[in-house]
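Undergrad: What follows is a predicted protein model with its sequence.
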Amino acid sequence: MNVTGITKSHQADIPKASSKQEWKLSDSLREKIAGYAREDAAQNVCMGNKFLSLRKSEVAKVAPDRAALMGKVDMKTIREADRRWLCLLFGEPYEAKFQSEGTGSAVHVYDGNGDEVLTYTAGVGWHEKESKAETQVHGALKAAYYDAFRAARQEINAGAVEMQGGFDAMA
(Lines give C-alpha, C1' and ligand atoms only; values in the text may rest on other atoms or scores of the structure.)
Protein backbone atom coordinates (compact mmCIF):
# COMPACT_ATOMS: atom_id res chain seq x y z
CA MET A 1 0.00 0.00 0.00
CA ASN A 2 1.37 3.42 -0.93
CA VAL A 3 -0.15 6.57 0.57
CA THR A 4 1.62 9.88 -0.03
CA GLY A 5 4.83 8.08 -0.93
CA ILE A 6 5.11 6.04 2.28
CA THR A 7 4.96 2.31 1.90
CA LYS A 8 3.89 -0.17 4.55
CA SER A 9 7.40 -1.68 4.59
CA HIS A 10 8.69 1.72 5.74
CA GLN A 11 6.97 1.10 9.09
CA ALA A 12 9.39 -1.72 9.92
CA ASP A 13 12.10 0.88 10.65
CA ILE A 14 10.92 1.40 14.23
CA PRO A 15 11.40 -1.52 16.64
CA LYS A 16 8.22 -2.28 18.53
CA ALA A 17 8.15 -1.91 22.30
CA SER A 18 7.34 -5.02 24.26
CA SER A 19 3.97 -5.02 25.93
CA LYS A 20 3.87 -4.82 29.68
CA GLN A 21 2.49 -8.38 29.88
CA GLU A 22 5.76 -9.71 28.44
CA TRP A 23 8.03 -8.31 31.17
CA LYS A 24 8.16 -10.29 34.41
CA LEU A 25 10.14 -9.94 37.60
CA SER A 26 11.68 -13.42 37.53
CA ASP A 27 13.09 -15.21 40.58
CA SER A 28 16.63 -14.92 39.20
CA LEU A 29 16.19 -11.18 38.65
CA ARG A 30 14.74 -10.81 42.16
CA GLU A 31 17.82 -12.65 43.53
CA LYS A 32 20.18 -10.40 41.59
CA ILE A 33 18.39 -7.33 42.98
CA ALA A 34 18.57 -8.77 46.51
CA GLY A 35 22.32 -9.31 46.09
CA TYR A 36 22.80 -5.71 44.99
CA ALA A 37 20.65 -4.53 47.90
CA ARG A 38 22.75 -6.54 50.39
CA GLU A 39 25.97 -5.10 48.93
CA ASP A 40 24.54 -1.59 49.10
CA ALA A 41 23.25 -2.07 52.65
CA ALA A 42 26.70 -3.23 53.78
CA GLN A 43 28.18 -0.05 52.27
CA ASN A 44 25.32 2.07 53.71
CA VAL A 45 24.32 3.16 50.18
CA CYS A 46 20.75 3.02 48.90
CA MET A 47 20.31 2.15 45.21
CA GLY A 48 23.92 1.85 44.16
CA ASN A 49 25.18 1.96 40.59
CA LYS A 50 24.76 -1.77 39.92
CA PHE A 51 21.05 -1.64 40.76
CA LEU A 52 20.50 1.61 38.85
CA SER A 53 22.18 0.11 35.78
CA LEU A 54 20.07 -3.05 36.06
CA ARG A 55 16.88 -1.02 36.46
CA LYS A 56 17.72 1.07 33.40
CA SER A 57 18.32 -2.01 31.25
CA GLU A 58 15.10 -3.70 32.42
CA VAL A 59 12.96 -0.61 31.81
CA ALA A 60 14.51 -0.30 28.34
CA LYS A 61 13.00 -3.70 27.51
CA VAL A 62 9.46 -2.23 27.67
CA ALA A 63 10.23 1.30 26.49
CA PRO A 64 9.37 2.41 22.97
CA ASP A 65 12.28 3.34 20.74
CA ARG A 66 11.75 7.06 21.17
CA ALA A 67 14.91 7.99 19.27
CA ALA A 68 13.62 6.20 16.17
CA LEU A 69 10.23 7.88 16.55
CA MET A 70 11.81 11.32 16.97
CA GLY A 71 13.98 10.78 13.91
CA LYS A 72 10.88 10.42 11.77
CA VAL A 73 9.56 13.97 12.26
CA ASP A 74 10.69 17.56 11.92
CA MET A 75 8.64 20.76 12.07
CA LYS A 76 8.22 20.84 8.27
CA THR A 77 6.74 17.33 8.40
CA ILE A 78 4.39 18.36 11.20
CA ARG A 79 3.11 21.42 9.33
CA GLU A 80 2.35 19.32 6.25
CA ALA A 81 0.96 16.29 8.05
CA ASP A 82 -2.50 15.15 8.81
CA ARG A 83 -3.38 12.54 11.43
CA ARG A 84 -3.56 9.62 8.99
CA TRP A 85 -0.22 10.49 7.45
CA LEU A 86 1.45 10.75 10.89
CA CYS A 87 0.06 7.34 11.90
CA LEU A 88 1.50 5.83 8.74
CA LEU A 89 4.81 7.59 9.35
CA PHE A 90 5.26 6.23 12.88
CA GLY A 91 3.88 2.79 12.06
CA GLU A 92 2.00 0.26 14.13
CA PRO A 93 1.44 0.07 17.08
CA TYR A 94 1.99 3.82 17.36
CA GLU A 95 -0.69 6.42 16.83
CA ALA A 96 -0.12 10.14 16.39
CA LYS A 97 -2.48 13.02 16.87
CA PHE A 98 -1.87 16.48 15.50
CA GLN A 99 -3.02 19.42 17.60
CA SER A 100 -3.28 22.80 15.93
CA GLU A 101 -5.55 24.63 18.38
CA GLY A 102 -4.47 26.61 21.41
CA THR A 103 -1.00 28.05 21.85
CA GLY A 104 0.61 26.22 18.94
CA SER A 105 0.99 23.08 16.90
CA ALA A 106 1.92 19.81 18.57
CA VAL A 107 2.15 16.14 17.74
CA HIS A 108 1.25 13.61 20.42
CA VAL A 109 2.56 10.06 19.90
CA TYR A 110 0.84 7.15 21.66
CA ASP A 111 2.03 3.55 22.03
CA GLY A 112 -0.07 0.45 21.40
CA ASN A 113 -1.51 0.65 24.94
CA GLY A 114 -2.77 4.21 24.37
CA ASP A 115 -0.07 5.79 26.57
CA GLU A 116 1.36 9.07 25.32
CA VAL A 117 5.12 8.48 25.01
CA LEU A 118 6.24 11.58 23.10
CA THR A 119 5.08 15.10 22.40
CA TYR A 120 6.58 17.48 19.86
CA THR A 121 5.94 21.21 19.97
CA ALA A 122 7.61 23.85 17.82
CA GLY A 123 8.86 26.00 20.70
CA VAL A 124 10.08 23.14 22.92
CA GLY A 125 10.93 20.21 20.67
CA TRP A 126 10.54 16.65 21.90
CA HIS A 127 9.29 15.81 25.38
CA GLU A 128 9.41 12.15 26.51
CA LYS A 129 6.67 10.75 28.74
CA GLU A 130 6.94 7.52 30.71
CA SER A 131 4.50 4.81 29.62
CA LYS A 132 2.47 2.75 32.08
CA ALA A 133 4.62 -0.28 31.20
CA GLU A 134 7.81 1.61 32.10
CA THR A 135 6.26 2.89 35.34
CA GLN A 136 5.19 -0.65 36.23
CA VAL A 137 8.72 -2.03 35.70
CA HIS A 138 10.28 0.82 37.71
CA GLY A 139 7.84 0.12 40.56
CA ALA A 140 8.38 -3.65 40.60
CA LEU A 141 12.16 -3.32 40.59
CA LYS A 142 12.20 -0.64 43.30
CA ALA A 143 9.81 -2.63 45.52
CA ALA A 144 11.99 -5.75 45.23
CA TYR A 145 15.10 -3.67 45.96
CA TYR A 146 13.62 -1.88 48.98
CA ASP A 147 12.39 -5.14 50.52
CA ALA A 148 15.85 -6.72 50.19
CA PHE A 149 17.65 -3.54 51.31
CA ARG A 150 15.45 -3.20 54.41
CA ALA A 151 16.01 -6.87 55.32
CA ALA A 152 19.78 -6.50 54.85
CA ARG A 153 19.91 -3.35 57.00
CA GLN A 154 17.92 -5.13 59.74
CA GLU A 155 20.40 -8.03 59.60
CA ILE A 156 23.34 -5.65 59.82
CA ASN A 157 21.76 -3.73 62.70
CA ALA A 158 20.88 -6.97 64.52
CA GLY A 159 24.49 -8.11 64.15
CA ALA A 160 25.73 -4.83 65.63
CA VAL A 161 23.37 -5.20 68.60
CA GLU A 162 24.54 -8.78 69.19
CA MET A 163 28.17 -7.64 69.16
CA GLN A 164 27.37 -4.98 71.72
CA GLY A 165 25.38 -7.47 73.81
CA GLY A 166 28.52 -9.34 74.86
CA PHE A 167 30.27 -6.16 75.93
CA ASP A 168 29.61 -4.67 79.36
CA ALA A 169 29.68 -0.91 78.89
CA MET A 170 29.41 -0.34 82.67
CA ALA A 171 32.63 -2.20 83.52
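TA: On my side now, so go ahead. Numbering: from 1, shown residues only.
Undergrad: which residues touch the residue nearest to Arg30 when sequence neighbours are not counted?
TA: Take Arg30 and drop its neighbours on the chain: the residue closest to it by CB to CB, 6 or more residues apart in numbering is Ala144, 5.3 Å away. From N, CA and C alone the C-beta is placed, and that goes for glycine too. Taking CB atoms under 8 Å, 6 or more residues apart in numbering as the contact definition, Ala144 lies against Leu25, Leu29, Arg30, Ile33, Ala34.
Undergrad: pLDDT at Ala144, what is it?
TA: Looking at Ala144, its pLDDT reads 96.
Undergrad: In three-state terms, label it for me.
TA: helix (DSSP: H, G, I helix; E, B strand; the rest coil).
Undergrad: can you pull out the helices in this structure?
TA: Along the chain, the stretches classed as helices by DSSP state H are 27-42, 49-60, 66-70, 75-80, 83-90, 132-165.
Undergrad: Can you tell me which of the ones you listed is nearest to Val107?
TA: Proximity to Val107 (CB to CB) singles out helix 75-80 among the helices of the chain, at 5.5 Å.
Undergrad: Could you tell me the average pLDDT over the closest one, please?
TA: Computed over helix 75-80, the average pLDDT equals 59.
Undergrad: and what of stretch 114-127?
TA: In the prediction, stretch 114-127 has an average pLDDT of 84.
Undergrad: Ends of that stretch, what's the gap?
TA: 17 Å (CA to CA, to the nearest Å).
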